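# Whatever this is, show me its structure:
(one chain, ligands or ions: 1)
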Amino acid sequence: MTEAFTGCHRKDMDIRQVNVFDDSEIEHFHAVTERAEAFERPHHSGWSLDEAKIELRRQVPTERSEVWAAYVEGTMVGAMSLWFPLLDNLTKCWGDVGVDPDHRRRGVGSALVAQIVTRMAQDGRTTMVTESAYPFDRREDHPYLRFAEANGFTVAIDEIRRILPLPVDPTLLQTIAAEAAPHHTDYRIASFVASLPDELVASYCALSNQLGVDAPTGDVDFEAESMTPELWLEHVAKEKEMGRTRLSTLAIDGTGTAVAYTDLILPPEPNADVWQWGTLVHREHRGHRLGTAVKVRNLQQLAAAGSGRTRVLTCNAETNHHMVDINVRLGFEAVEVAPMFELRIDATANERTEGVAQVSASTT
Ligand SMILES: CC(C)(COP(=O)(O)OP(=O)(O)OC[C@H]1O[C@@H](n2cnc3c(N)ncnc32)[C@H](O)[C@@H]1OP(=O)(O)O)[C@@H](O)C(=O)NCCC(=O)NCCS
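Prediction:
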């Protein structure tokens, strides 16, 4: 499983693929990446070691993940993960790079990016997408932005992370729901825990497949995803194994088709956070306040579950006024900039040095 990387910038550093089935390796990976992401970020919401193990060990048909780490004198000092979509968006991949705060500014992050370029070229991927986060007052000069620029990344779109403290005033939710209700009388609003009734899964998948296309993503054009009911059931089974609870609310039209959805994810305790995932209203059903209706109802479902969670985290493109307006009305407060960066390499690049040369050239 382990492959050696021979072209490091530093002679005392090597980069190897992490064997995610080895408990010690994955523990180090989890510790280093959590330290990297949480550093100077009071709003960071991480994942547990157990979640990481299941996510990285249990591969699914929709995407393949791999993890690499940088070692100095045998100690893991940084790591990167890549997710390759397998059914759509075949020229793209998602990734993360993180360096332990005690080992920064010594070329570790750049060496990991070089390895990303190698793996992209080997796998025929030309665009890598990643996210970072930093305070508003450093959005022009934060070290993570400087690092991204130095390594050939560009900002695809600025997203803003917002937090909703819990509990939300139930009167506010009732008021917003009552204001929206007259606008969506032709639709039924229904909430579900963990999964969905069989008859709604196909139309739910059609909606969620469209999220990357319809939500603003700046310079990156995503294709529709290829989630099918069978794949989705596999996806939620994995989620359940990770200890996560999904709260979904759908708007359903007169034909029994889901035309709007929103999902909240409760990671396993003791994590007290709730993650807002996708929200989408079908193009032909917009203008009926369904976005507001499903979000409010899902927050009411969350309150009724009495989960004791303390905050909901969400992230939206800064330009996505329709979604942001709803969130602000619900009480979400902006806490940090969370830019989506992209790294493009030439499609013909077939080895690391070519890839790096082309990335560098694109920054000048
Ligand atoms: C961003 C991160 C990966 C950088 O790791 P690193 O090992 O310190 O990066 P490098 O040493 O390879 O830095 C390469 C270049 O980035 C720029 N850079 C990195 N840190 C910087 C800082 N604090 N101030 C200014 N420029 C900086 C510099 O141009 C640097 O080259 P130089 O040292 O020769 O001037 C690390 O800070 C981290 O883990 N951050 C959290 C996750 C994240 O934001 N990932 C990146 C998403 S694109």
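# Taking the stretch 201-350 of the chain, what residue is nearest to the ligand?
The nearest approach of the stretch 201-350 of the chain to the ligand comes at Phe341, 4.7 Å away (C-beta to the nearest ligand atom). Just so you know, the C-beta spots here come from the backbone N, C-alpha and C atoms, and that holds for glycine as well.
# no wait, the chain
Gly109 (2.5 Å).
# The residue nearest to that residue when sequence neighbours are not counted: neighbour count?
Of all residues beyond its chain neighbours, the one nearest Gly109 is Val99 (4.8 Å), with distances taken as C-beta to C-beta, 6 or more residues apart in numbering. Counted with other C-beta atoms under 10 Å, the neighbours of Val99 add up to 26.
# what's across from Val99 in the sheet?
Note on Val99: beta-bridge partners Gly78, judged by DSSP bridges.
# returning to that earlier point: can you list contacts of whatever helix or strand the residue of the stretch 201-350 of the chain closest to the ligand lives in?
Here Phe341 sits within strand 340-344, counting by DSSP states H and E. Identification of contacts with strand 340-344 by C-beta atoms under 8 Å, 6 or more residues apart in numbering yields 113, 116-117, 120, 126-132, 148, 151-159, 217-220, 359, 362.
# Spell out, range by range, the helices that occur in this structure.
23-38, 49-57, 108-123, 143-150, 170-180, 198-209, 211-214, 229-241, 290-305, 321-330, 352-363 (DSSP state H).
# Can you lay out the ones you listed as TSV showing mean pLDDT and mean neighbour count?
Output for those, formatted as TSV (pLDDT from 0 to 100; neighbours: other C-beta atoms under 10 Å):
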stretch	mean pLDDT	mean neighbour count
helix 23-38	98	18
helix 49-57	98	17
helix 108-123	97	22
helix 143-150	97	16
helix 170-180	97	15
helix 198-209	97	18
helix 211-214	90	16
helix 229-241	96	15
helix 290-305	97	22
helix 321-330	93	16
helix 352-363	35	16
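# I'd like these as TSV, with distance to Ala70 appended.
Shown next, in TSV, are the helices of the chain (distance: least, C-beta to C-beta, whole Å):
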stretch	distance to Ala70
helix 23-38	9
helix 49-57	18
helix 108-123	5
helix 143-150	14
helix 170-180	47
helix 198-209	35
helix 211-214	30
helix 229-241	28
helix 290-305	39
helix 321-330	37
helix 352-363	15
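# Relative to Gly95, which of the ones you listed is closest?
Gly95 lies closest to helix 108-123 among the helices of the chain, at 5.9 Å (C-beta to C-beta).
# Just give me how far the closest one sits from the chain centre.
Computed by C-alpha atoms, centre = their mean, to the nearest Å, the chain-centroid distance of helix 108-123 equals 20 Å.
# Packing partners of it?
strand 13-17, strand 63-72, strand 75-85, strand 92-99, helix 143-150, strand 340-344, helix 352-363 (3 or more C-beta pairs under 8 Å, 6 or more residues apart in numbering; DSSP states H and E).
# who in the protein is up against the ligand?
Contacts of the chain with the ligand, taken as C-beta under 6 Å from any ligand atom, map to 36, 97-99, 104-110, 130, 132, 143-144, 146-148, 150, 153, 341.
# got the CA positions of stretch 282-300 in PDB?
Output of stretch 282-300 as PDB, limited to C-alpha atoms (Å, rounded to 0.1, in the frame of the first residue of the first chain):
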ATOM      1  CA  HIS A 282     -35.900  22.700  -8.000                       C
ATOM      2  CA  ARG A 283     -35.600  25.500 -10.700                       C
ATOM      3  CA  GLU A 284     -39.300  25.100 -11.700                       C
ATOM      4  CA  HIS A 285     -40.500  25.500  -8.100                       C
ATOM      5  CA  ARG A 286     -38.600  28.600  -6.900                       C
ATOM      6  CA  GLY A 287     -40.400  31.700  -5.700                       C
ATOM      7  CA  HIS A 288     -42.700  29.800  -3.300                       C
ATOM      8  CA  ARG A 289     -40.600  30.300  -0.200                       C
ATOM      9  CA  LEU A 290     -39.800  26.600  -0.200                       C
ATOM     10  CA  GLY A 291     -36.200  27.200   0.800                       C
ATOM     11  CA  THR A 292     -37.400  29.100   3.900                       C
ATOM     12  CA  ALA A 293     -40.100  26.500   4.600                       C
ATOM     13  CA  VAL A 294     -37.800  23.500   4.500                       C
ATOM     14  CA  LYS A 295     -35.000  25.200   6.500                       C
ATOM     15  CA  VAL A 296     -37.300  26.400   9.300                       C
ATOM     16  CA  ARG A 297     -39.100  23.000   9.500                       C
ATOM     17  CA  ASN A 298     -35.700  21.200   9.800                       C
ATOM     18  CA  LEU A 299     -34.600  23.500  12.600                       C
ATOM     19  CA  GLN A 300     -37.900  22.800  14.300                       C
END
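# For it, which outside residues touch it?
Taking C-beta under 8 Å, 6+ apart as the rule, stretch 282-300 contacts 164, 168, 170, 173, 176-177, 179-181, 183-184, 186-187, 189, 191, 207, 210, 214, 247-251, 253, 259-264, 279, 281, 312, 322-323, 326-327, 329-330.
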